[in-house]
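[1] Here is my input; please provide its structure:
(chains A and B)
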2 protein chains.
Amino acid sequence: MPVPSRLLVNTGDGKGKSSAAFGVMGRAWARGWTVLVVQFLKSGTWKVGERKLAEHLGIEFYALGDGFTWESTDLERTAELGREAWAFAAERLASGAYDLVILDELTYPVRYGWVSEDAVVEALRSRPSRTNVIVTGRGAPEGVVELADTVTEMRKVKHAYDQGIRARKGIEY
Amino acid sequence: MPVPSRLLVNTGDGKGKSSAAFGVMGRAWARGWTVLVVQFLKSGTWKVGERKLAEHLGIEFYALGDGFTWESTDLERTAELGREAWAFAAERLASGAYDLVILDELTYPVRYGWVSEDAVVEALRSRPSRTNVIVTGRGAPEGVVELADTVTEMRKVKHAYDQGIRARKGIEY
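    Next comes the predicted model:
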């Protein structure tokens, strides 16, 4: 019997949800896995370190968001981008081409109502048996948590931002 | 005024403490930082994916432990290795040669009493101003938590191991 693929969820208001997913990306690369990363909030104009690393390692990496919602000047356009990003991710997820798919910050398009929770749960449930998935973001939808085999809440005990220390290149992005 | 270096702690009983540190390792590499990784539990015989990635990226990586305590057949030797690993890490930390030092699973030698909490806190407090540090492991010592600017508790909501699913190459190591 084949080893079942895994569905991991990193949620909560603390640091490390995406970082942990990118740590696993590195392990997957080390094992020769094919990996796909889709970012749902960040846009392609963000020059994030994780993208640079992914490109260096030959990992497919798509930042399909529109920056951050609270910075959006056209929410309908932002929502449309979110729906398109999900359609893209769902098609790739179903393709069977990947050992690991990272859906970074997928929880936000669901929470904002741009993408239905049922569609996400169904796409995750019916994924090819070889494809492990990591979903990150605050407020993970209940149906996704239920389906997942490993769910971690990153709980903020203390955060530099609260002390006025800004996000730092090399650490946060 | 130079940007102060950061001290991050990833603790708790959930998944992602070390993964998140290795995600930041990738970001740091992308920014051209010099990085050192010291693992306090794993030994050099572990062929972990994160080490393979670090070596590929030209990052210094030392696994100086003795496997896992509960597998040790000579606890005094294991303790001695823990003390030696800390002496090595403390010397490198003080050297000023690194932008980021990852002290993976450092909490265990402290909790087991092999290394004093005061020595660790003092080494972290007096580190060179350029050197950011990430400490991982369950049960982070109080003094380290107090000194840190960002502390995240990885809280286990659900874990595959509890359902009898074993650690998987490419995901957990």
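
[2] so where is chain A shaky, pLDDT-wise?
    A:1-3, A:68-71 (pLDDT under 70).

[3] Mind doing that once more with 80?
    Along chain A, segments meeting pLDDT under 80 span A:1-4, A:44-47, A:66-73.

[4] so where's the longest helix in it?
    helix A:75-94 (DSSP state H).

[5] quick one: contacts of that one?
    A:36, A:38, A:40, A:62, A:64-66, A:69, A:72, A:98, A:101, A:103, A:106, A:108-109, A:112, A:114-115, A:119-120, A:123-124, A:126-128, A:131, A:133 (Cβ atoms under 8 Å, 6 or more residues apart in numbering or on different chains). (Glycine included, C-beta is placed from N, CA and C.)

[6] got the contact list for the residue most central in space within chain A?
    Centrality entry for chain A: nearest residue to the mean C-alpha point is residue A:104, 1.3 Å, by Cα atoms, centre = their mean. Taking Cβ under 8 Å, 6+ apart, we find residue A:104 in contact with A:18, A:21, A:37-42, A:136-137.

[7] Quickly note the distance from it to residue B:170.
    18 Å (Cβ to Cβ, to the nearest Å).

[8] Where do the strands of chain A begin and end?
    Remark: strands assigned in chain A by DSSP state E are A:7-11, A:35-39, A:60-63, A:100-104, A:132-136, A:150-158.

[9] Buried residues of the longest one, list them for me.
    Residues of strand A:150-158 classed as buried under the neighbour-count rule (16 or more other Cβ atoms under 10 Å in any protein chain shown) are A:150-158.

[10] again with the shortest one
    Buried residues in strand A:60-63, defined by neighbour count with 16+ other Cβ under 10 Å: A:61-63.

[11] Same check on the fourth one?
    Of the residues in strand A:100-104, those buried under the neighbour-count criterion (16+ other Cβ under 10 Å) are A:100-104.

[12] and of the residues you listed, the nearest to chain B?
    If you rank the buried residues of strand A:100-104 by distance to chain B using Cβ to the nearest Cβ, residue A:100 comes first, at 7.0 Å.

[13] so what's that closest one up against?
    A:24-25, A:28, A:33-36, A:131-134, B:170-171.

[14] now those in a markdown table, with neighbour count?
    Rendered in a markdown table, the data for the contacts of residue A:100 read as follows (neighbours: other Cβ atoms under 10 Å in any protein chain shown):
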| residue | neighbour count |
| --- | --- |
| A:24 | 29 |
| A:25 | 29 |
| A:28 | 25 |
| A:33 | 20 |
| A:34 | 16 |
| A:35 | 23 |
| A:36 | 23 |
| A:131 | 22 |
| A:132 | 23 |
| A:133 | 24 |
| A:134 | 29 |
| B:170 | 19 |
| B:171 | 23 |
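
[15] Could you double-check that residue A:13 sits in contact with residue A:138?
    Yes: counting by Cβ atoms under 8 Å, residue A:13 touches residue A:138, with 5.9 Å between them.

[16] ok, residue A:149 - contacts?
    Residue A:149 touches A:6-8, B:158-160, B:163, B:165, counting by Cβ under 8 Å, 6+ apart.

[17] among these, who's most crowded?
    Of all the contacts of residue A:149, residue A:8 has the most neighbours under the rule other Cβ atoms under 10 Å in any protein chain shown, reaching 27 neighbours.

[18] How much space separates it from residue A:63?
    Distance from residue A:8 to residue A:63, by Cβ to Cβ: 21 Å.

[19] cool, and residue A:139?
    21 Å.

[20] likewise residue A:25?
    For residue A:25, the distance to residue A:63 - Cβ to Cβ - is 14 Å.

[21] One more: residue A:154?
    21 Å.

[22] One more: residue A:143?
    In this view, residue A:143 and residue A:63 are 25 Å apart by Cβ to Cβ.

[23] list the contacts for residue A:118?
    Neighbouring residues of residue A:118 by Cβ under 8 Å, 6+ apart: residue A:143.

[24] One more: residue A:13?
    Contacts of residue A:13 (Cβ under 8 Å, 6+ apart): A:138, A:154-156.

[25] go again using 6 Å as the cut-off
    A:138, A:156 (Cβ atoms under 6 Å, 6 or more residues apart in numbering or on different chains).

[26] do the same with residue A:18
    Residue A:18 neighbours (Cβ under 6 Å, 6+ apart): A:104, A:136.

[27] Residue A:170 too?
    With Cβ under 6 Å, 6+ apart, residue A:170 has these contacts: B:27-28, B:31, B:33.

[28] Now with 8 Å, please.
    So residue A:170 contacts A:49, B:24, B:27-28, B:30-31, B:33, B:99-100, B:132 (Cβ under 8 Å, 6+ apart).

[29] Would you mind measuring from the nearest residue to it once chain neighbours are set aside to residue A:52?
    Nearest non-adjacent residue to residue A:170, counting by Cβ to Cβ, 6 or more residues apart in numbering or on different chains: residue B:31, 4.0 Å away. Distance, residue B:31 to residue A:52, by Cβ to Cβ: 8 Å.
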